[in-house]
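J.: Below are the sequence and a predicted model for it; my questions follow.
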Amino acid sequence: MKVTIDVDCTPDEARTFLGLPAVAPLQEAVMQELQKRMLDGLAEMEPEALLKQWLPAGGEGWEKMQKAFWGQFAGLAKGGKP
């Protein structure tokens with residue numbers, strides 16, 4: 001014998017019926033904190049600040065990276081493997 005019971009209710013009604021706590025205030029607080037952290041992180045992603053992090057020695061790091069790229073291209077032009 002198989003018995004099926006369908007219950008039609010909202011998540012809030014089910015939570016109340018089962019005696020579970022309301023999580024909406026906690027979820028709202030967590031989402032506000034997450035939004036604040038994401039916006040703070042975006043402020044740090046300015047191009048000038050990122051370049052300073054990536055190339056701390058100024059132009060020297062850029063020149064080394066450029067030489068490495070040109071070396072790879074020159075090797076490919078001569079028939080070498082990448």
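T.: Yep, that arrived. Numbering: from 1, shown residues only.
J.: measure the residue nearest the centre of the chain to K52 for me?
T.: By CA atoms, centre = their mean, the chain has its centre lying nearest to M38, at 9.0 Å. Separation of M38 from K52 (CB to CB, to the nearest Å): 22 Å. Heads up, the C-betas are built off the backbone N, CA and C, glycines and all.
J.: Which parts of the chain are helices?
T.: 11-18, 24-43, 47-54, 59-77 (DSSP state H).
J.: would you list the ones you listed in a markdown table and tack on distance to I5?
T.: Below are these laid out as a markdown table (distance: least, CB to CB, whole Å):
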| stretch | distance to I5 |
| --- | --- |
| helix 11-18 | 13 |
| helix 24-43 | 27 |
| helix 47-54 | 58 |
| helix 59-77 | 66 |
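J.: and of those, who's closest to T4?
T.: helix 11-18 (17.4 Å; CB to CB).
J.: counting contacts, what elements does that closest one pack onto?
T.: For helix 11-18, there is no helix or strand it packs on, judged by 3 or more CB pairs under 8 Å, 6 or more residues apart in numbering; DSSP states H and E.
J.: Quick one: residues in contact with that helix.
T.: For helix 11-18, contacts defined as CB atoms under 8 Å, 6 or more residues apart in numbering pick out 7, 9, 21-23.
J.: and with 7 Å instead?
T.: A22 (CB atoms under 7 Å, 6 or more residues apart in numbering).
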